[in-house]
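1. Predicted structure and sequence below. I'll ask about it afterward.
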Amino acid sequence: MIPQEIRMFLDAPPVVLLAALLLESWIPIPARWKPSALIPLLQRLVKRVNRKNASGQQQWLTGLLLPWVVIVPSLIASWSVRNLAPWEALFDILLLSWLLESQPIKEALLAIRQLLQQDKLALARLQLSRWVLRDTQSLSSMGVCKAAIEMSILRLMGQWITIAFGYLLLGIHGALFCRLIQLLAQSCNMKLETNRICGEFSARMLQTLNTIPVFLFLLLQLSQPRGFTAIKNAFRQFRHWPAITSGLLLSNIGTSLGIGLGGPRFYQGNKIRYARIGAHHDPPVTALFSGYHRLIRLGWFCWLTLFAFYGWYVYAHLA
C-alpha cells in the first residue's frame, strides 16, 4: 500500500501534469494517433450540417449547437471511464499525455527546414500545406518559413499550453473540453468563407480559453530580450489582427525575436490582407524554430516552477 501522504502528492495536479508532459515528450505517439487526426472526420461532419444553401441564422445556430453535439458525449464517456479506473491519477496522466501535442509540430518543422535547406521548395510547400489552411503553392522560401513560424506558435499555444492550463484550472475534463474546442475551431475554421458564420462560436470560445495563458506568457516575455518593447508593440498591433489573443501572441513573440510576421495570404484562391505585425525583418530559414523554442522554454519554466513550489509546500508541511 502507498502511504496516504505520498498518494496525495502523486494525485496533485502539478505532479500529474508534469508526468503527462514528460510522457508526451519521451514517448511520442505517432501523429496519426493524436487528436489532430480527428480533424478530417470533424470536417466531414461540418460539411454535412453546414449546408451552402442555409440562411445565416441557420448557419449561426449550427455553429452554436455543433460543439455541444461533439463535446457532451465525449465528456460523459471520459467521466464514465475515469470513474471505473482503479487509479484516477493514472487515467488523467494517460489522457492528458494524449491531449497534449507538441512533438508532431516539432517533427513538421524539422521536415520543412530540411526541405528548405535542400532547396526543395515545392516539397516544403506540400509539407506546410498539411498544417495550415492557407494556399501554399505561391509561397517563397521566406513565405514558407514565416507561415511555419506562425503555425508553430499558434498550434503550440492551443494544443499544448492552453491544454495544460485547462487541466490545472478545470481538471482533466476541462482539458478535454479545451482540446475539443480547439479541434472544432480548426475543423470549422471561420477563415474560409463557407465557415465564416458557422465557425464563429468555436473560434470565439478558443480565443477565450487562450486568454489567460497568452497574458501570462506576455508577462514572462518581459524577462526576454526586448521584453518591454515587445509588450508595448503587441498592445499597439493586436487591434489590426482578426483574433485578439492570437494577434497579441504573434506580435509579442515576433517583436521579441526580431522577426516580422503576418502579411497577405490566400485562402481558396481569395487574397486576404492580414496586417504585418512583429518586427520589420523577414524571418530567415534559420529562424524557423525560434517561436517554437521560445514557447517551449517558457512553458517548461512554468511547469517546473509550479512543481517545485508544490513540492516545497508539501515538504514544509510534512517536515
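-> Arrived safely. Numbering: from 1, shown residues only.
2. ok, the nearest residue to Trp241 once chain neighbours are set aside - contacts?
-> Spatially, and ignoring its direct neighbours in sequence, Trp241 is nearest to Gly247 (2.7 Å; Cβ to Cβ, 6 or more residues apart in numbering). Every residue, glycine included, has its C-beta placed from N, CA and C. With contact set as Cβ atoms under 8 Å, 6 or more residues apart in numbering, Gly247 has these partners: Ala234, Gln237, Phe238, Arg239, His240, Trp241, Ile277.
3. Next, the contact list for the second one, please.
-> Gln237 sits next to Gly247, Ser251, Ala275, Ile277, Gly278 when contact means Cβ under 8 Å, 6+ apart.
4. Which strand or helix spans Ile277?
-> Using DSSP states H and E, Ile277 sits in strand 276-278.
5. Using neighbour counts, pick out the buried residues of the next helix-or-strand element following that strand.
-> Going down the chain from strand 276-278, the next helix or strand is helix 290-318, by DSSP H and E. Using 16 or more other Cβ atoms under 10 Å as the test for burial, helix 290-318 gives 290-292, 294-296, 298-299, 302-303, 306-307, 310, 314.
6. Figure out how far helix 290-318 is from the centre of its chain.
-> In terms of Cα atoms, centre = their mean, to the nearest Å, the centre of helix 290-318 is found 19 Å from the chain centre.
7. so how far is Leu298 from the residue nearest to Trp241?
-> Going from Gly247 to Leu298 by Cβ to Cβ, to the nearest Å gives 19 Å.
8. and what of Leu90?
-> Separation of Leu90 from Leu298 (Cβ to Cβ) stands at 28 Å.
9. same question, Ser36
-> Distance, Ser36 to Leu298, by Cβ to Cβ: 23 Å.
10. what are the phi and psi angles of Gly262?
-> Dihedral angles of Gly262 (phi, psi; degrees, to the nearest 10) stand at phi 80, psi -160.
11. Run a quick neighbour tally on it.
-> Under the neighbour criterion other Cβ atoms under 10 Å, Gly262 is assigned a count of 20.
12. wait, what's in contact with it?
-> By Cβ under 8 Å, 6+ apart, the neighbours of Gly262 are Glu150, Trp241, Leu250, Gly254, Tyr274, Ala275, Arg276, Ile277, Gly278.
13. same question, Lys106
-> Tyr292.
14. need the next SSE after the helix or strand hosting it, C-terminal direction.
-> Using DSSP H and E, Lys106 sits in helix 103-117. For helix 103-117, the following helix or strand on the C-terminal side (DSSP H and E) is helix 121-129.
15. what mean pLDDT does that following helix have?
-> Across helix 121-129, the average pLDDT comes to 94.
16. what about that helix, distance to the chain center?
-> With Cα atoms, centre = their mean, you get 21 Å for helix 121-129.
17. What are the boundaries of the strands in this protein?
-> Here the chain has its strands, by DSSP state E, at 260-262, 265-267, 270-272, 276-278.
18. Kindly compare burial across those and name the winner.
-> strand 276-278 (a mean of 23; mean count of other Cβ atoms under 10 Å).
19. Would you mind putting the contacts of Gly262 into CSV with pLDDT and distance to Leu192 alongside?
-> Below are the contacts of Gly262 laid out as CSV (pLDDT from 0 to 100; distance: Cβ to Cβ, whole Å):
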residue, pLDDT, distance to Leu192
Glu150, 95, 17
Trp241, 88, 18
Leu250, 94, 20
Gly254, 93, 25
Tyr274, 88, 15
Ala275, 88, 20
Arg276, 91, 22
Ile277, 91, 22
Gly278, 88, 25
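20. show me what contacts Gly171?
-> Gly171 touches Pro13, counting by Cβ under 8 Å, 6+ apart.
21. how close does it get to Ala279?
-> Gly171 is 39 Å from Ala279, by Cβ to Cβ.
22. repeat for Ser129
-> Counting by Cβ to Cβ - Ser129 and Ala279 are separated by 26 Å.
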